[in-house]
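Engineer: Have a look; sequence and predicted model below, questions after that.
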Amino acid sequence: MIFGRVKSLDSILATAEKKSLHRSLGVFQLTMLGVGAVIGTGIFVLTATAAQKAGPGMIMSFVVAGAVCVFAALCYSELASMVPVAGSAYTYSYAVMGELMAWLVGWALILEYALGASAVAVGWSGHIVGFLDGFGIHLPHALTVGPKIDWGFLEGGEVGGFINLPAVLVTGFVTWLLVIGTKESATVNSVLVAIKIIALTLFAAITVPMIFGHTANFAPFTPRGWGNPLGSTGTGVLGAAASIFFAYVGFDAVSTAAEETKNPQRNVPIGLIASLAICTVFYIVVAAGAIGAYGAQPVMNPATGQYFVEGSPELYASAACQSATAPLVCSKEALAYVLRQVSTPIFGQIVGLAATIALPSVVLLMMFGQTRVFFVMARDGLLPAGLSKVHPRYKTPYVVTIVTGVVVAVAAAFLPVGTLADYSNSGTLFAFAMVSVGVMVLRVTDKDRKRPFRTPAVWVVAPLSILGCVVLFLSLNIQSKVLFFAWTAIGLVLYYLYGYRRSNIARGVMDSDDETGSAPLV
């Protein structure tokens, strides 16, 4: 039976020991990896998307999304401390729920990491374009956005757009950096994380004091209500939470780095929870500052009496967005734009420059997570063995890194940031829910195994995590939900055509040895 193909935890750990990635990351680097992966496009760019969906109520959206992530992080921490190997939710699912579910989780993680990286690359493009515009340097419109797309399940882009060249270039740079090596990538990331934190601190220092003189900006607090998870529009506070959930995605990248971590039983849980706590505080403070200083009311189409779809060509072409004092929801670089409007332009340029410099770190972490998941899936035989080859000099899985870079670049070249973020969230929520299920299953089936970190009140925390993931998934727009199920169907076809017969378990290979054709790492 397919669900009976479970790879035991002992086998997974033995495989990792025989052919593992070099352990070079400590608790500080892990925390910085988590903060670097989390703080990025979600807060710097998608604040505008959340505002169009929920207005000032987006503060509650950050709280809701953050609460779901806290529950999921506690479940992740237990499994990551028990199974300190690469692969994240995919590896955990393989050990608990079997090969088929592991494949589906790994397949969903492609949506999370690859499309997430593409979304951040597009967000970076918006910042570099806005930064250069501030100095009178205007890049051709056709080379800064993708083409206008209206395929029913996929909408976005702008009239006159051709390819988002800056997004493609930053993806190429990050791919090269990842091929060089994990330690070097993490060191660069730590510097970029510091830049982002300084930028957000500057934003908060300027805008938060303005709240007390502009409390009217918070009314109406929920102009589009709380939203309906059973609807199809993905609006309101819950709809915004489903989108802004992307702002928290990345903390699980810490667990994907478990196989490259020193003392992972201690350091991985600390890195997961510390990075999430730091980011949650920043998000709430920054969102409140943006609303208090400038306002965050959604824009309505006067011709129809309906709110514009967030990030749509119609919104950007509206009279409100074409004015000199356009609302926050019209900006592709929300925080920098707010500072340009309420303070001196130099502060807006500083935040814009910080985002321009630092956002590549988020692309790096997203792609880092994707390549490590691919690496382990190939090592297990579910993907072609060539993908797990490691570079003889840099000791990194360079083949899968390059493949991932190409996929990320293509998506970033043509698709809009909001669409990419929502699609990414659909895969993430599925993976998080499966991790939470896995924690409960292992508490029953392997209750005596050593757990360096135990999820507190697991029979409350894990179900809340699952419920939160389901609610947020249902709160996505209909296009994102349709794409997720279509993507899952494609994954099932590929599994039965290849992985079902080629996996190590199907062939009776219980550990990788040298089956994948790649050299052992030291």
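Structural biologist: Cool, got the structure. Just so it is clear, the model here is predicted, and its values are computed rather than measured. Residues are numbered from 1 along each chain as shown.

Engineer: What's the first helix or strand after the helix ranked longest in the chain?
Structural biologist: Identified as the longest helix of the chain according to DSSP state H is helix 345-379. Downstream of helix 345-379, the next assigned helix or strand under DSSP states H and E is helix 398-414.

Engineer: same for that next one, what does it pack against?
Structural biologist: helix 116-133, helix 165-180, helix 345-379 (3 or more Cβ pairs under 8 Å, 6 or more residues apart in numbering; DSSP states H and E). Using the backbone N, CA and C atoms, a C-beta is placed for each residue, glycine as well.

Engineer: Same list, the ones you listed, but as JSON lines with mean pLDDT and mean neighbour count please.
Structural biologist: Shown next, in JSON lines, are those (pLDDT from 0 to 100; neighbours: other Cβ atoms under 10 Å):
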{"stretch": "helix 116-133", "mean pLDDT": "89", "mean neighbour count": "28"}
{"stretch": "helix 165-180", "mean pLDDT": "91", "mean neighbour count": "21"}
{"stretch": "helix 345-379", "mean pLDDT": "85", "mean neighbour count": "26"}
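
Engineer: Mind checking those for the one nearest to Ser331?
Structural biologist: helix 116-133 (8.1 Å; Cβ to Cβ).

Engineer: Report the inter-axis angle for that closest one versus helix 165-180.
Structural biologist: Using axes from the mean of the first three to the mean of the last three Cα atoms, to 10 degrees, the direction of helix 116-133 lies 120 degrees away from that of helix 165-180.

Engineer: what's the angle between helix 116-133 and helix 345-379?
Structural biologist: Helix 116-133 and helix 345-379 are oriented at 160 degrees to each other (the same axes, to 10 degrees).

Engineer: Which other helices and strands does helix 116-133 contact?
Structural biologist: Helix 116-133 packs on helix 41-44, helix 165-180, helix 334-342, helix 345-379, helix 398-414, helix 417-445, going by 3+ Cβ pairs under 8 Å, 6+ apart.

Engineer: got a markdown table for those, with distance to Gly126 too?
Structural biologist: What follows is the helices and strands packed on helix 116-133, written out as a markdown table (distance: least, Cβ to Cβ, whole Å):
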| stretch | distance to Gly126 |
| --- | --- |
| helix 41-44 | 9 |
| helix 165-180 | 9 |
| helix 334-342 | 9 |
| helix 345-379 | 9 |
| helix 398-414 | 12 |
| helix 417-445 | 7 |
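
Engineer: do you know which of those lies nearest Gly66?
Structural biologist: Nearest to Gly66, of all those, is helix 41-44, at 11.1 Å by Cβ to Cβ.

Engineer: Report the secondary structure state of Lys447.
Structural biologist: The three-state label given to Lys447 by DSSP: H, G, I helix; E, B strand; the rest coil is coil.

Engineer: And the one 3 residues further on, by the same measure?
Structural biologist: Under the three-state scheme (three-state DSSP), the conformation of Lys450 reads as coil.

Engineer: Quick one: neighbours of it, just the number.
Structural biologist: 7 (other Cβ atoms under 10 Å).

Engineer: For it, give me its contacts.
Structural biologist: Met82 (Cβ atoms under 8 Å, 6 or more residues apart in numbering).

Engineer: same thing with Phe218?
Structural biologist: Pro56, Ile291, Gly292.

Engineer: could you dump those to TSV with distance to Arg340?
Structural biologist: Shown next, in TSV, are those (distance: Cβ to Cβ, whole Å):
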residue	distance to Arg340
Pro56	21
Ile291	17
Gly292	16
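
Engineer: between these, which is nearest Gln370?
Structural biologist: Nearest to Gln370 out of the contacts of Phe218 is Ile291 (Cβ to Cβ; 33.9 Å).

Engineer: which stretches of the stretch 1-150 of the chain form strands?
Structural biologist: 149-150 (DSSP state E, counting those that start in this stretch).

Engineer: Low-confidence regions, it specifically.
Structural biologist: 1-4, 7-9, 11-24, 37, 40-41, 84-88, 150 (pLDDT under 70).

Engineer: and with 50 instead?
Structural biologist: 1-2 (pLDDT under 50).

Engineer: Helices of that one, start to end?
Structural biologist: 9-18, 27-38, 41-44, 47-54, 58-82, 88-96, 99-110, 116-133 (DSSP state H, counting those that start in this stretch).

Engineer: looking at those, which is closest to Pro302?
Structural biologist: Closest among those, once you apply Cβ to Cβ, is helix 47-54, at 15.6 Å.

Engineer: How far does that closest one sit from its chain's centre?
Structural biologist: Chain-centre distance of helix 47-54: 18 Å, with Cα atoms, centre = their mean, to the nearest Å.

Engineer: And for stretch 360-371?
Structural biologist: 9 Å.

Engineer: ok, now stretch 194-201?
Structural biologist: 19 Å.

Engineer: So what touches it?
Structural biologist: Under Cβ under 8 Å, 6+ apart, the answer for stretch 194-201 is 35-36, 39-40, 43, 282, 286, 335, 350-351, 354-355, 357-358, 361.

Engineer: what residue of the protein is the furthest out?
Structural biologist: Ala303 (35.9 Å; Cα atoms, centre = their mean).

Engineer: element containing it?
Structural biologist: Residue-wise, Ala303 maps onto no helix or strand under DSSP H and E.

Engineer: got a pLDDT number for it?
Structural biologist: Looking at Ala303, its pLDDT is 87.

Engineer: mind checking how far it is from Ser318?
Structural biologist: For Ala303, the distance to Ser318 (Cβ to Cβ, to the nearest Å) stands at 10 Å.

Engineer: same check, this time on Val439
Structural biologist: In terms of Cβ to Cβ, Val439 sits 47 Å off from Ser318.

Engineer: Same drill for these two, tell me which one is more crowded.
Structural biologist: Val439 (25 against 20).

Engineer: these two touch, right, that one and Val458?
Structural biologist: Yes: the criterion here is Cβ atoms under 8 Å, and Val439 meets it with Val458 at 6.1 Å.
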